[in-house]
Structures are given as C-alpha cells and as structure tokens.
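>>> Take this sequence and fold it.
(chains A and B)
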2 protein chains.
Amino acid sequence: MNFQQKLQEIVKKNNSLLCVGLDPDLSKLPPHILKLDEPLFEFNKAIIDETKDLVCAFKANSAFYEAEGVRGIEQLKKTIQYVQKQYPEIPVILDAKRADIGNTSEQYAKYAFYFLGVDAITVNPYLGFDSIEPFLKRKDKGIIILCKTSNPGSSDFQDIHLGGVSGRIPREISSPEPLYMFVAKKNIEWNTIYGNCLMVVGATYPEELKKIRELTPDMTFLVPGIGSQGGNLEQTLKFGLTEEKSGLIINVGRAIIYASNGNDFSQKAKEEAIKLRDLINQFRN
Amino acid sequence: MNFQQKLQEIVKKNNSLLCVGLDPDLSKLPPHILKLDEPLFEFNKAIIDETKDLVCAFKANSAFYEAEGVRGIEQLKKTIQYVQKQYPEIPVILDAKRADIGNTSEQYAKYAFYFLGVDAITVNPYLGFDSIEPFLKRKDKGIIILCKTSNPGSSDFQDIHLGGVSGRIPREISSPEPLYMFVAKKNIEWNTIYGNCLMVVGATYPEELKKIRELTPDMTFLVPGIGSQGGNLEQTLKFGLTEEKSGLIINVGRAIIYASNGNDFSQKAKEEAIKLRDLINQFRN
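You can find the predicted model right below:
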C-alpha cells in the first residue's frame, strides 16, 4: 500500500484530517518527563497513545531531534518504530525540508526511507527538479514539496511576482504571477510522473491556499500554521477541502503537545486533539 | 576569532582557496577502509591528514552521514572534532542546506553549532528571512546562503525572471531579473546586519557568477561544481576573484577524495589537491 492509499484509509477510519506534530523541545517538556532516560521518546509515546484514534498522520520534525545530537536521532527513530509497531495504519511524515544536488539528495532519501523508514518527507524546491527526483523515485512514499510556507518571511521570495521568460531555454510565463504559484504548477506537473507528490501550503495564507486549490482539485496539501502560528482554520477548510471533503492534512504541533506542562500533558493533548478534529469535521459535513 | 577572520588567515597561511568536500559514500570507499569499524571517519581522517596544508576549509555534507543513520552522524562529529583538535586553524563547513520556520531553524542551528560545533553552515533561502535569522544571530559563524546552485535543475526556479511588484506590501523591482539575482541582493542586504553571510554560486554557471560578483565586490562565494560536475575553473576565477585575488572557497569533493580506490587513495587525493590548488593560484598571481 502506498502513502496516498494509507492516508485515505486512515482519514476514513479515524474520520480525521488532523495531524499531530511531534516536535518535542527539551525546554518545554513537563518536568517529570525530563527526568526520564529518553525524554523525547517518552513524551512522544504518551502523545501518540492518547491521540492515535484522532489523527490521519503523525509528523516529526527532524530538527528537534538533531538539536539533541545522536541521542535525539535515536529517539526519533524509536518514535517512528513505535508508531509502526503499535499503530501501523498511521502514516509518519518526516518534516525535514531537505534537498541538494542529485547524488546528495539520494543520501537524504536513504536517511528518511531506509534509516528512519518514514512514509513521507517534506522537501524544498529551490534547487529544482533533479534535487527532488531521488525522493520522487520512491513511488510508494509521499513527497511533500514546499509551496507557500506558513511563516512571515515566506513573502520574501515566494510572493515575488514573475514576468517575462525563464530559464536557459526561455519559456513564456503567460501572465505575471507570484513564485509560489509557479512552484505549485511545477509540483502539479511533477505529480503527474508517479502521483506521489503533495504540497505544503500554510494556513496563515488562506487566499493563497485558495488560489493553489483552484489549480488542482485533488492534490493533498500539508497545512501547517494552525495553533501557535495563528492560521485561520475556517478559511483553510473553506478554500482547501476537495470535493470529497478531504485533501488536507492539517498539522498542529505546539497547541496540542504543550496544552499542559503537568502530569496530565497527554490527557490535555488528547482533549485538544478531539476539539480540533471535531472543529475540522464540522466543516466537512 | 570569527569565521571570516579564520578563513582569511588560513587562505594566507596555506596560500589556498581550495576546500575539500568530505562526502564519503560507502559504495565508493576503498575496500580496505570498508573493513574498518568506522569507515567514514577513517577515510576522512586520512584525507584530512594529507590535505591539511593545501586547503582553506573542509566541507562535510550532512547527507552522506545521515544516510548511515546514528553511526554515520557519530562519525561526522568525530571528523569535525578531529579537525578541531589536530588542525584548529582550518574552518569546517557543514553543508546541510537547512531552513525552516524560525523556532525550528533554531533547532537546526543547535545541531550545527552546538552538537557538531562547525564554523559555518549552508542554508536554503526559500522560506525567507525569519528562517535564516536563527543562524544569522550566530555572529561568529559563517552563514552560507544558496544563491545559484551548480546542478542542472537550478534553472527551474532560480533562473525565472521576475517583474512587477512583490510581496504583500508591494515593492517595485526596477527591472526584470532572474530570481537568483534577487536572492543575491537579499543576501547582500542580510550581510549588512552582522557581516557573516556568504553565498553559494556554482562554477557550472560562470556567467551568472560574473553577474553576482558585479553586485558585491567583496562577499565570499562558496563555489561547488568543479570536478565531477564539470564546472569551468578558469572562468570561475576570472569572474569570481575579488580585487585581493580572494573571495572564493572552491569546493572539490569527488574528484579529490575518489582519485584512487586503492591503498594509495589519500596520497592520490593529496596529488589531486596540489594540482588544483596550484591551478587556482596561477590565476591569483
């Protein structure tokens, strides 16, 4: 079963478009967890156990584990293995925003798909097709390409308007449009190869999300920005849902995993996840 | 001493603009190295010992270590520590092409500067200023921002011509220009903050390198693409050198480290490095 099928099944089974972001930051974990031998893993495990029936995916951001060095990366792997063993129906996304020249991207693909064994990875498009291809070749995996990111600085380059011709072999760009729209069109084009591409579109930019959805009625968007970043959930759903009331993976990290800093942190995370899943489903029905 | 000063001193001491890329790929290492307990580290150590007097920096691409999981990352750290202990005058660059939203980039900065302890890192500009800022704040480190990369796919987005206005707050772009030129101008602007920015400009695109050098007489460029990628060394130097016959870090990986696959691999690497350093210096004198 490939990533897209796995995603569809769990969306149906858990009746959810919510993705929980497993981004444990040692400076924010509950004190009783910090005392444990593997705090990142133990924290994740508790969150996973409480939210497993409420999500369509878990997303782990590699940065939070790399920050703790080898010990952190060990716990990232352990977290992924835990989901795979206990809840194999739930896909795990590695948020890594990688990309490099071809032979180097091959190595990053090994990290994600062989060493860690995740179902999907986020990648950065700036280096172009040959930097994405080594990931793309893994037809069974989800390749989630940044398009319009949720952060304020995303306007620096992604919103720049294009005009004129591009590339060494000039191609006409029919009408001036922002870079993110051009990237979205490229992503749609790359998705025609194996059908395993998705896009990152931030909930903090609902108008942009609307325009990208108009380009593609069915590609799935990974949507960060709900919660701590202040994205607009209602507009995200209004503009982003496909005709089947699906096509979105709505990631929430900090607002769920840090709902409490006490002994009840995983219980509070569950409550927050239920709230968000139900809120999302109100717009799907 | 900050990165820029450290670089200047070693350029003078070793009379070299050559950087050796430490990107060991298990499928390409000499058979006798593969038998060792820590092949990536042992391979690097031999290359480092033979080329230490010939380089202005070592560059390690994180991908090649991540591909081997925790064991690989341990050997990356050991490699960096080896240089720091034995040859503390030589800067080590982590080629990682990272960037994420602000609080996540903070974590990547920890990986690079605390856990690994490198002198500089390569970062990807697609997410904009707030994704670069957590790196930039480390005034003592070198922040090397992708501009025009050496791979064929770099034309997909980096060569797109801009026009019209940009961003939520429209800014005039005076004349149509490719994205990489706009990125270069941003990098120059960001460099005015702490003076610790550099740019990646591929040797495979000398005309583009020329245009970027015309924008900034003194910023240092990290130049990949010489060697296996077929970049033009003569044109790179002609167009890229500053008035002081410096301002370039010319990285060569595969053409040096895989010069031989036998017991003499490090000796052959040294010979190749001497050749390249001398060839570069012909154009500096």
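>>> going forward, measure contacts and count neighbours with C-alpha atoms only.
OK.
>>> Please, where are all the helices along the stretch 1-150 of chain A?
Under the criterion DSSP state H, counting those that start in this stretch, the stretch 1-150 of chain A contains helices at A:3-13, A:31-34, A:39-51, A:62-66, A:69-86, A:102-109, A:129-136.
>>> Return the most buried member of the ones you listed.
For the helices of the stretch 1-150 of chain A, the largest average neighbour count (mean count of other CA atoms under 10 Å in any protein chain shown) is found in helix A:62-66, namely a mean of 25.
>>> Please name every helix or strand in contact with that one.
With contacts taken as 3 or more CA pairs under 8 Å, 6 or more residues apart in numbering or on different chains; DSSP states H and E, helix A:62-66 sits against helix A:69-86, strand A:92-98, helix B:102-109.
>>> so can I have TSV of those showing distance to residue A:22 and mean pLDDT?
Listed next are the helices and strands packed on helix A:62-66 as TSV, based on distance: least, CA to CA, whole Å; pLDDT from 0 to 100:
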stretch	distance to residue A:22	mean pLDDT
helix A:69-86	9	98
strand A:92-98	10	98
helix B:102-109	12	97
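>>> Residue A:11 is nearest to which of the ones you listed?
Closest to residue A:11 of these is strand A:92-98 (CA to CA; 13.5 Å).
>>> rewinding a little: now render the helices and strands packed on helix A:62-66 as JSON lines, adding distance to residue A:240.
Compiled in JSON lines, the helices and strands packed on helix A:62-66 are given as follows (distance: least, CA to CA, whole Å):
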{"stretch": "helix A:69-86", "distance to residue A:240": "28"}
{"stretch": "strand A:92-98", "distance to residue A:240": "20"}
{"stretch": "helix B:102-109", "distance to residue A:240": "25"}
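>>> what's the following helix or strand after the worst-scoring helix or strand of chain A on mean pLDDT?
Lowest by mean pLDDT, DSSP states H and E among the helices and strands of chain A is strand A:171-172, with a mean of 46. Beyond strand A:171-172 in the direction of the C-terminus, DSSP states H and E gives the next helix or strand as helix A:179-194.
>>> That next one versus helix B:179-194: what angle between them?
Helix A:179-194 and helix B:179-194 are oriented at 120 degrees to each other (axes from the mean of the first three to the mean of the last three CA atoms, to 10 degrees).
>>> Give me the buried stretch members for helix A:179-194, please.
Within helix A:179-194, the residues scored as buried using 16 or more other CA atoms under 10 Å in any protein chain shown are A:179-188, A:190-191.
>>> neighbouring contacts of it?
A:125, A:136-137, A:139, A:145, A:147-148, A:157-162, A:197-199, A:211-212, A:215-216, A:219, B:157 (CA atoms under 8 Å, 6 or more residues apart in numbering or on different chains).
>>> same check, this time on stretch A:43-55
Contacts for stretch A:43-55 (CA under 8 Å, 6+ apart): A:10-11, A:14-20, A:22, A:24, A:29, A:33, A:79, A:82-83, A:87, A:90, A:257, A:266-267, A:269-270, A:273-274, A:277.
>>> how about the most centrally placed residue in chain A, what does it touch?
Geometric centre of chain A, nearest residue: residue A:222, 4.7 Å, by CA atoms, centre = their mean. The contact partners of residue A:222, taken as CA under 8 Å, 6+ apart, are A:144, A:198-202, A:248-251.
>>> same check, this time on residue A:70
Applying CA under 8 Å, 6+ apart to residue A:70 gives the contacts B:70, B:73-74.
>>> do residue A:11 as well
For residue A:11, the contact set (CA under 8 Å, 6+ apart) comprises A:17, A:55-56.
>>> Looking at those, state which has the most neighbours.
Compared across the contacts of residue A:11, residue A:56 has the highest neighbour count, 30 neighbours, by other CA atoms under 10 Å in any protein chain shown.
>>> pLDDT weak spots in chain A?
Within chain A, the stretches with pLDDT under 70 are A:163-175.
>>> mind checking the longest helix of it?
helix A:265-284 (DSSP state H).
>>> hmm, who's touching that one?
Applying CA under 8 Å, 6+ apart, the external contacts of helix A:265-284 come out as A:15-18, A:30, A:46-47, A:50-51, A:54-55, A:233-234, A:237-238, A:241, A:245-246, A:255-260.
>>> That one: which residues count as buried?
So, applying 16+ other CA under 10 Å, buried residues of helix A:265-284: A:265-274, A:276-278, A:280-281, A:284.
>>> With neighbour count and secondary structure as added columns, please give the contacts of residue A:222 in JSON lines.
Formatted as JSON lines, these follow (neighbours: other CA atoms under 10 Å in any protein chain shown; DSSP: H, G, I helix; E, B strand; the rest coil):
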{"residue": "A:144", "neighbour count": "28", "secondary structure": "strand"}
{"residue": "A:198", "neighbour count": "29", "secondary structure": "strand"}
{"residue": "A:199", "neighbour count": "26", "secondary structure": "strand"}
{"residue": "A:200", "neighbour count": "24", "secondary structure": "strand"}
{"residue": "A:201", "neighbour count": "31", "secondary structure": "strand"}
{"residue": "A:202", "neighbour count": "28", "secondary structure": "coil"}
{"residue": "A:248", "neighbour count": "27", "secondary structure": "strand"}
{"residue": "A:249", "neighbour count": "25", "secondary structure": "strand"}
{"residue": "A:250", "neighbour count": "30", "secondary structure": "strand"}
{"residue": "A:251", "neighbour count": "26", "secondary structure": "strand"}
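>>> mind giving me TSV with the residues you listed and columns for distance to chain B?
Formatted as TSV, the contacts of residue A:222 follow (distance: CA to the nearest CA, whole Å):
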residue	distance to chain B
A:144	14
A:198	17
A:199	14
A:200	12
A:201	12
A:202	11
A:248	20
A:249	18
A:250	17
A:251	14
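>>> Closest one to residue B:64 out of those residues, please.
Nearest to residue B:64 out of these is residue A:144 (CA to CA; 21.7 Å).
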